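Asker: how would this look folded up:
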Amino acid sequence: NERHRDGSVVFAPRDVVVLTNDVERFAPLVQSVFAGNPAAGVPNIPVQLADRSLGVTNPIATVGQQLLRLLDGRFRVSDVVELLAQPVVAKSFDIEPADADRVSELLAMANARWGLDGDDQRAVGIEPLGTFTLLDALNRLVSAVATAASGPELVGDRIAPLREVSFDDVALLGKTALFLQRLHDSCTQLNLLATPLEWFVTFREALGHLVFVRDDEVLWWRAIDRLCEQLRDEVELAGDYSASVTVNPADLAGLVNSRLASTAGMPRFQTGRVTVSSLTALRRVPHRVVCLLGVDREGEPNTLGNPDDLTQSPQCIGDRDPRSEYQAQLLDAVMSAQDRLIICSTGFDVTSGAEVSPSAALSELIDALGDLIGGKFPLVHHPRQTWSEANFVIRPEVSDRPWSHDRSAVEAAISRRSQRKQQPESLVLAARPDGPCTIADLRRAFSQPVRTFCEDRLHFAALREFGRERGSNIPLVLDGLDRFGLRHGMLSSAISGGRPEDWTDFLTASGDVPPGVYGAASLQTARDDAEAIVDALSAEGMTLPLVTTPLNVHITREDGDVELTGVIDSLHGSTVLDIAVSSSFANRFCERLVDLVVLSVASPETQWRLSMYRMGNTKARVRHLTAALTPSANPRELLDGLIELRREVLIRPVPLSAGVALAQCCGGDPKAEWEGHQARPGEREQIFNRLFFDFGYEELLDQTTTLRDVGKWFAPLLRSVEINDNGGKLQSMNEDPS
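Answerer: Got it, this is the predicted structure:
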């Protein structure tokens, strides 16, 4: 940023060196910062990371380190996929690096945890389970495509096919199988007892079977060959006995891994770029600008060592003193600066903002500089935010120009300066013109009004976790979501006319339940729940397999103002069925009430009825709720009210939630529904409710229009519905909650 009078720059990139005692820690940060943003006036400064280890700079060495970690025989899925994702490995098997994510997804769906095959399970004392290994997962994936079978049918009486596999995955699965076969062969050879010379040759051949590089990348192989030659020379130098004795493969793997991690990679000094290096590599090499990065207390060596390590040797006279060496390296770096010296240290805690004391070496340097100038040496506090005004203030002790030249940051700083604290604006937005409306819109507006306002009017949504991260261990217990999936599969099979025992065999073979006795209890519970709901359906006169039909609905209001379309599913005659193995029901009950109203308007000649089945947790094992409009109900008026609620929901956050409203109108504990309890969080914890109504229940009633909105939007509909609940929680509404 500094320039001469003629406009030429004072410093070129080659004049600048950034020194740190932990290059790997700051490498990603340095690369992203120096990339700049030319569009905003931040130049792209060329930077070169120097003196990194061979295992970091050489992709083949990286593969070698990962391969050595797999020799423990566990073959964790995450480690195997990480190896496959390496570009030089993926290229060897004609796999795009991005396809590794799909491989990981497929293996996770197939319940692969660790081990290539049953032999790896037997090696740790487990009788082969037929599940949880990579081979078992591939069998599930391939059989699904080859046979087009799905649960609960087993292929070959032992393989549970996975329905989520498409024909587009066939080629990828074949390449993955070839990779796993070569990986298995390589690890088998490396785990055999051998002499050091033989083992080094086997290691080099194993890398050759897994890695492919272009002709212009053969330098990577030369570095590996040079390392292997050095190891062979050391063994031969030790004598004939060392070269001929067989050694534990784990010891040789540890030796090679340590060399890959400690051997310096290709030197990258004097490239004409800003050089980022360790304190040791460029020690006492003068540069016009020297920047010391990470001079913090965390990076300062500890002379005393780890007090909890009982195996460390006591310090003796003449031993190396890491702290003194670190101080000497810092002093050499300071003395190598010719024109500028910049020392960066963490001065404030990122979380609390509390001041952090500098390291001992930096404190001594500050004191020495203070003695030279005859006063306190001034420190410059750099703000963490790019838009802070302090970045654009000229500091004479640093430069005659501001630090930052980011035009977008300047605009942000000016914009913040012009901001003034204003009175909060009303949360009511302008009404939108009516347009086509769907039944799904009415369902969401009635059951989750705040979420509808956020997503449909403000156009933002909460981040969702699309996939759960599975551990590498074989599960011995199921979490709540897994138990729900297990019961749902059992119930779906029973309703469609299948036998629960068929699903038991399928789920055991698929690995969806823990092995042996650990999963037996979960399977029996899921089977009992499914049979309980089936018995409840049979008691209502329904026969299996249960056949339901959807109904397309198209309604136009009498004034022709709003057109309502959509599909209502799960109809069994004149009954709207809703069957699930969970115990939650509030949101779904409200959605189904909307369906009941719409059906009554679309087909007024039919006496529609809602029938919901849930798992009970009090009096009955199965909770059965029925609802029907009373003879005095006016479905058209109720539908108009729902459409009006949809309009209201799109202009303001209506403080309503299904559980609280049902508890207030039909019996229950609205406070518990809002605030929850130890076993179940309340509706206050839902992210959209927390955005606008993060209050306790009493504050919610005092500071919002909750009671008025319940009386206006929920009460008319619930007053028109006759409810029967064998669980005794809900009852027909008989008075106005307001």
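Asker: in the protein, which strand has the most residues?
Answerer: Criterion DSSP state E: the longest strand present in the chain is strand 563-572.
Asker: adjacent strands (with direction) for that strand?
Answerer: Strand 563-572 pairs in its sheet with strand 437-438 (parallel), strand 549-556 (antiparallel), strand 575-579 (antiparallel), by DSSP bridges.
Asker: out of these, nearest to residue 650?
Answerer: Nearest of these to residue 650, taken as CB to CB: strand 437-438 at 10.7 Å. No exception for glycine: its C-beta is placed from N, CA and C like everyone else's.
Asker: and the following helix or strand past the closest one, what's buried?
Answerer: Of the helices and strands lying after strand 437-438 in sequence (DSSP states H and E), the nearest is helix 439-447. Buried residues in helix 439-447, defined by neighbour count with 16 or more other CB atoms under 10 Å: 439, 441-447.
Asker: ok, now stretch 492-502?
Answerer: Buried positions in stretch 492-502, judged by neighbour count with 16+ other CB under 10 Å: 492-495, 498, 500.
Asker: before we move on, what about stretch 295-303?
Answerer: 295-296, 299-300.
Asker: next: stretch 704-723.
Answerer: Buried-residue list, stretch 704-723, by 16+ other CB under 10 Å: 704, 706, 709-721, 723.
Asker: ok, and what's touching the longest helix anywhere in the chain?
Answerer: Secondary structure of the chain per DSSP state H: the longest helix is helix 517-539. For helix 517-539, the external contacting residues (CB atoms under 8 Å, 6 or more residues apart in numbering) are 476-478, 483, 486-487, 489-491, 493-495, 500, 504, 507-508, 513-514, 544, 546, 579, 581, 613, 615, 621-622, 624.
Asker: go again using 7 Å as the cut-off
Answerer: By CB atoms under 7 Å, 6 or more residues apart in numbering, the list of residues contacting helix 517-539 from outside reads 476, 478, 483, 486-487, 490-491, 494, 500, 504, 507-508, 513, 544, 546, 579, 581, 613, 615, 621-622, 624.
Asker: need the buried ones from those residues selected in PyMOL.
Answerer: Buried subset of these, written as a PyMOL selection, criterion 16+ other CB under 10 Å:
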select buried, resi 478+483+486+487+490+491+494+500+504+507+508+513+546+579+581+613+615+622+624
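Asker: the contacts of helix 517-539 in strands, which ones?
Answerer: Using DSSP E, 579, 613, 615, 622, 624 are the members of those that sit in strands.
Asker: flag the least confident of those residues.
Answerer: Lowest pLDDT among the ones in strands among the contacts of helix 517-539: residue 615, with 85.
Asker: please name the bridge partners of that residue.
Answerer: Under the criterion DSSP bridges, residue 615 forms beta bridges with residue 622.
Asker: residues in contact with it?
Answerer: 529, 581-583, 622-623.
Asker: 10 Å instead, please
Answerer: By CB atoms under 10 Å, 6 or more residues apart in numbering, the contact list for residue 615 reads 484, 487, 491, 529, 532-533, 580-585, 621-623.
Asker: just the endpoints, please. Distance across stretch 49-56?
Answerer: End-to-end span of stretch 49-56 (CA to CA, to the nearest Å): 11 Å.
Asker: so where's the stretch 101-250 of the chain shaky on pLDDT?
Answerer: Applying pLDDT under 70 to the stretch 101-250 of the chain flags residues 148-151.
Asker: ok, the nearest residue to residue 326 once chain neighbours are set aside to residue 21 distance?
Answerer: Of all residues not flanking residue 326 in the chain, residue 301 sits nearest, at 5.1 Å (CB to CB, 6 or more residues apart in numbering). Distance, residue 301 to residue 21, by CB to CB, to the nearest Å: 9 Å.
Asker: between those two, which contacts overlap?
Answerer: Both residue 301 and residue 21 are contacted by residue 326, under the criterion CB under 10 Å, 6+ apart.
Asker: thought residue 499 was touching residue 545?
Answerer: No. Between residue 499 and residue 545 there is no contact under CB atoms under 10 Å: 11.8 Å.
Asker: in the helix or strand containing residue 250, which residues are buried?
Answerer: Assigned by DSSP H and E, residue 250 falls within helix 249-262. By neighbour count with 16+ other CB under 10 Å, helix 249-262 contains the buried residues 249, 252-253, 255-257, 259-260.
Asker: by contact count, what packs against the helix or strand that comes right after that helix?
Answerer: Heading C-terminal from helix 249-262, the first helix or strand you meet, by DSSP H and E, is strand 274-278. The contact analysis (3 or more CB pairs under 10 Å, 6 or more residues apart in numbering; DSSP states H and E) places strand 274-278 against strand 16-20, helix 23-35, strand 47-49, strand 287-293.
Asker: please identify which of the ones you listed is closest to residue 171.
Answerer: Closest to residue 171 of the helices and strands packed on strand 274-278 is helix 23-35 (CB to CB; 33.7 Å).
Asker: which residues sit against that closest one?
Answerer: Contacts of helix 23-35 (CB under 10 Å, 6+ apart): 13, 18, 20, 42-53, 56, 273-274, 276-279, 281, 293-294, 298-299, 344.
Asker: what two of the buried residues of stretch 704-723 are the furthest from one another?
Answerer: Once CB to CB is applied, those give 704 and 723 as the farthest pair, at 26.4 Å.
Asker: return the member of the buried residues of stretch 704-723 nearest to residue 116.
Answerer: residue 723 (56.8 Å).
Asker: on the pLDDT front, check the residue lying farthest from the centre of the chain for me.
Answerer: Ranked by distance from the centre of the chain (CA atoms, centre = their mean), the top residue is residue 374, with 54.3 Å. Note for residue 374: predicted pLDDT of 85.
Asker: could you measure from it over to residue 366?
Answerer: 14 Å.
Asker: so what are the domain limits for the chain?
Answerer: 13-46+272-302+322-379, 54-262, 480-539, 548-725 (automatic domain parsing).
Asker: chain center to the longest one, what's the gap?
Answerer: A distance of 25 Å separates the C-alpha centroid of domain 54-262 from that of its chain, computed with CA atoms, centre = their mean, to the nearest Å.
Asker: do the first one as well
Answerer: Here domain 13-46+272-302+322-379 is found 34 Å from its chain centre; the criterion is CA atoms, centre = their mean.
Asker: let's have the chain start at 171 instead
Answerer: All set: I'll call the first residue 171, so the last point we hit is now domain 183-216+442-472+492-549.
Asker: what's the span of it from first residue to last?
Answerer: Terminal residues of domain 183-216+442-472+492-549 lie 25 Å apart, using CA to CA.
Asker: got it, and the shortest one?
Answerer: One end of domain 650-709 sits 29 Å from the other (CA to CA).
Asker: lovely, talk soon.
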